[in-house]
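Novice: model this:
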Amino acid sequence: MIVDRQDGPSRAEVRRWRPRYKVLSGLPPMVPAIDIFFLILFFFMLSSSFVQVSGIKVDLPMAETTVSADIEKFIVTIAWSGSGPKLFFNDHPVSREMLKERLARVSVVSKSAMIVIRPDRRVPFEPVAEIMALAEKAKLASFIAVMPPRTGPETVFNQEK
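Specialist: Alright, predicted model coming up:
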């Protein structure tokens, strides 16, 4: 029997291609989804701030700084009120005498021997200087917390040429 090649391939010449893929049923694998979840959680934790400085709202003065310190939480806040400055040590109101006692305790307990002073921008420098002197007597280093300056363009009025 002669097979005419124009009519198409013969049965002997036809090959069947079987796919290598198998149809899966059931739930998709959860390991890649869990991996992605933990990666997102990890990046979120790295980008967020874990330490809240203080709960007392003050308007910090602005200054250009480049150094930030990794310190223990010993924070003296000077808030402004109508009757004058109010003192807080780690968000608890204190008097000057109580502050002296707390600073003496900090000098014994603290590994870094430093405090952060957070003055409101309306507070005159005299109370800040007094607290710095108290910290020096207690053999503690003191740092003043400030806000970085705004980096946006400033509006200039009445510019003369």
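
Novice: CA atoms for contacts and neighbours, from now on please.
Specialist: Fine.

Novice: give me the below-cutoff pLDDT ranges for this protein.
Specialist: 1-14, 49-56, 65-72, 148-161 (pLDDT under 70).

Novice: what sits up against the longest helix seen in the chain?
Specialist: What stands out as the longest helix in the chain, according to DSSP state H, is helix 31-47. The list of residues contacting helix 31-47 from outside it, by CA atoms under 8 Å, 6 or more residues apart in numbering, is empty.

Novice: now the element after it, going C-ward?
Specialist: Using DSSP states H and E, the next helix or strand after helix 31-47 towards the C-terminus is strand 75-81.

Novice: what residues of that following strand count as buried?
Specialist: Residues of strand 75-81 classed as buried: 75, 76, 77, 78, 79, 80 (neighbour count, 16 or more other CA atoms under 10 Å).

Novice: what's the answer for stretch 103-112, then?
Specialist: Result for stretch 103-112 [16+ other CA under 10 Å]: buried residues 103, 104, 106, 107, 110.

Novice: which element, helix or strand, includes the fourth one?
Specialist: Spelled out, that is residue 107. Residue 107 belongs to helix 96-109, assigned by DSSP H and E.

Novice: report all helices and strands that that helix contacts.
Specialist: If you count contacts as 3 or more CA pairs under 8 Å, 6 or more residues apart in numbering; DSSP states H and E, helix 96-109 packs onto helix 125-137.

Novice: and the helix it packs on, how far out from the chain middle?
Specialist: 29 Å (CA atoms, centre = their mean, to the nearest Å).

Novice: before we move on, what about stretch 29-46?
Specialist: With CA atoms, centre = their mean, you get 20 Å for stretch 29-46.

Novice: likewise for stretch 116-128?
Specialist: Relative to its parent chain, stretch 116-128 has a centroid offset of 24 Å by CA atoms, centre = their mean.

Novice: how about the buried residues of strand 75-81 in CSV, adding distance to residue 98?
Specialist: Below are these laid out as CSV (distance: CA to CA, whole Å):
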residue, distance to residue 98
75, 14
76, 12
77, 14
78, 14
79, 17
80, 19
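
Novice: wait, which of those is closest to residue 136?
Specialist: Nearest to residue 136 out of the buried residues of strand 75-81 is residue 76 (CA to CA; 13.9 Å).
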